[in-house]
Structure formats: C-alpha cells, structure tokens
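K.L.:
Quick one, structure for this:
(one chain, ligands or ions: 1)
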Amino acid sequence: MNYIEYIFKVAPLQPGTEILIAELGYAGFESFVETEDGVTAYIQKDEWNGTILDDINILDSKEFKIEFTFSEIEQINWNAEWEKNFDSIEVDGKCTVRAPFHPTKNFEYEIVIEPKMSFGTGHHETTFMMLQFILENNFENKTVLDMGCGTAVLAILAAMRGASKLDAIDIDEWCFENSTENIERNNCKNISVFLGDAALLSGKKYDVIIANINRNILLNDMETYRKCLDEGGELYLSGFYKEDLTIITESCNNLGFTFVKNKEKNKWVAAKFKI
Ligand SMILES: C[S@@+](CC[C@H](N)C(=O)[O-])C[C@H]1O[C@@H](n2cnc3c(N)ncnc32)[C@H](O)[C@@H]1O
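P.N.:
Modelled structure (predicted):
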C-alpha cells in the first residue's frame, strides 16, 4: 500500500506541533512521527486528495510558521516507526497504555496496544480524558458501546473496569482490524468489534455509550445514541473543542440528556451526560 508523506517544519515547535497533529488527525491523517523541527505525517494514498489541508486552521495562523513538503512513498514499517517514537502513558496513577515492545508496568490496569495507524494510544487529549472518565465512573456489569473505537483502548479499559458486554464500532477498516487484534491481546473476550457507523445501532440498547469522534459526527448521530439508552443511561463524548461544548450540550439537552460534568485539556473537551 502506498502512502502520502508530509514533512512539516513548525515554529515555534510547541505548542505548534501538538496543535498541528491534532488537526491533521481529525482531517484523516493516520500516523505521526515527531521530529526535531516538527512532524512527519502519513495518510494512505487512496484516502488522500489535494484539498486535505484546506481545513487545517493552524496553517493560516499568524502565531506559527509552518512549512511542508509532501511526496508519495511505499510501504512503511510501522512497528519500527512506533518503537522509535511511542512512549507508554500513565493515567492518574491507575492505568498505563503501552506497546508490546515496552517493559511491563505494575499498574491496576495495564493496556497493551499495537497502535499501528489507528487513533487511540492515550496520547491524544481526548483519549486521555475519556480514559480518566472510565477510571472515575462505575462500569461494573454495564453494557457499553464504544463508538469510533480506533484502537479500542476505551472499550478495553471499560471491560477491565467490569463492563459485562461491549460493542466497539469504527467506520475505518484499519481500526476494525487493529481493534480486533488489541482486544485479543488484552484478553477481553466480552468485546465485539463491528465495521460501520450509527446505522448498525438500530434496535440496540446499552447502559453506557462512549464516543470520541468529532463535533459533526456526534451532532449527527446524537439522536441514535439517545435511542440506544434507557432511563439512567450515561453518555461520554469527546473529540470536540471547548467552543463546541455549548452546541453539544444543547443537542443533548434537546434529546432529554442532563449535563453532568466536563473535562478540558489544552483546547479539547470531554463531557458526561445522563438520561
Ligand atoms: C478521535 S478517534 C477516537 C479513537 C478512540 N476511541 C480514542 O478515544 O482514542 C475517532 C475514531 O472514530 C472513527 N469514526 C469516524 N467517523 C465515524 C463514524 N461515523 N462512525 C463510527 N466511527 C467513526 C474514526 O475512524 C476514528 O477511529
């Protein structure tokens, strides 16, 4: 499979690189290697088009100077790239997310993720805050949907926290395959993975829905999430910026959800709602 490789030089390096990676991730770039002066980002050639950078706001920002070149490259050894660039993370002293090549750590919850090209290593603010929510709340004997599962890291932690049965759904074939591998690797036998979108949810019911996707998809699929939850159901959302919390909350309120609390990290938000 061929990829398009973008080499970005970013000044000032931080927070420019961090913001750029977040925006590229949401535009569809699938893997990032941080370099001394910026970041190299990859997207599969068949998912690339010439307008891919049109919505990357930081490129128009006067605060940062960003230069880039791009070219087509052939197959990449992702594991070698990740081994060079991926550190394990720790969440609130209770949970670690690491790759198979990291040494084992003595945490209450140890998640092993082969990240490859799927989103969901815990490094992104939205994943991190959702992991925090899962650690802080009761998942014992709950049925859970992880919508937009990426690597399935959220479903895996929810399973470790006692959820009884889980569905993990992603629209991206690579994420579907990667989630399947990660679930097996973490020995979570009660998680089923599906390739698709909210259309798969017709007639389904859960106690908890976790969805870290993006503002527009969350708004679009909110009514479907509502239909999948009964009284007492919980909804955890992320993948949107601080300024979008109002519109997300309004959409939830219109469907009968009550806002419970939110978290903020850099410019990202995660929020909990209840029905
Ligand atoms: C921001 S990532 C989150 C991954 C992981 N849940 C995490 O928290 O790190 C969003 C994921 O949603 C998937 N996605 C995008 N649109 C979707 C849709 N309409 N339905 C289901 N999944 C979708 C993407 O493929 C991507 O893996």
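K.L.:
Please, where are all the strands along the chain?
P.N.:
3-11, 31-35, 38-44, 65-73, 89-91, 95-98, 109-112, 143-147, 165-170, 191-195, 206-212, 229-241, 258-265, 268-274 (DSSP state E).
K.L.:
how deep is I73 tucked in, by neighbour count?
P.N.:
The burial count assigned to I73 is 12, neighbours taken as other C-beta atoms under 10 Å. Where you see a C-beta, it was placed from the backbone N, CA and C, and this is true even at glycine.
K.L.:
isn't it right next to E5, touching?
P.N.:
Yes: at 4.8 Å, I73 counts as touching E5 under the criterion of C-beta atoms under 8 Å.
K.L.:
unless I'm mixing things up, I52 is touching Q44, no?
P.N.:
No: if you go by C-beta under 8 Å, I52 and Q44 don't touch, sitting 11.4 Å apart.
K.L.:
Common neighbours of these two, please.
P.N.:
Residues touching both I52 and Q44 by C-beta atoms under 8 Å, 6 or more residues apart in numbering: none at all.
K.L.:
For the stretch 101-250 of the chain, what lies in contact range of the ligand?
P.N.:
Contacts of the stretch 101-250 of the chain with the ligand, taken as C-beta under 6 Å from any ligand atom, map to 119-120, 126-127, 130, 147-150, 153-154, 169-172, 175, 197, 212-213, 217, 239.
K.L.:
Quick check: which of the strands of the chain is buried the most?
P.N.:
Counting by mean count of other C-beta atoms under 10 Å, strand 143-147 has the highest mean neighbour count of those, with a mean of 26.
K.L.:
Any figure for the gap between E30 and the ligand?
P.N.:
9 Å (C-beta to the nearest ligand atom, to the nearest Å).
K.L.:
Over to that residue: give its phi and psi.
P.N.:
Backbone torsions of E30, given as degrees, to the nearest 10, read phi -110, psi -20.
K.L.:
I figured it hits K45, correct?
P.N.:
No: using C-beta under 8 Å, E30 is not in contact with K45; the gap is 11.6 Å.
K.L.:
What segments of the stretch 51-200 of the chain are helices?
P.N.:
For the stretch 51-200 of the chain, helices defined by DSSP state H, counting those that start in this stretch occupy the ranges 78-85, 125-136, 153-160, 173-185.
K.L.:
right, so of these, which gets closest to T224?
P.N.:
Closest to T224 of the helices of the stretch 51-200 of the chain is helix 153-160 (C-beta to C-beta; 18.2 Å).
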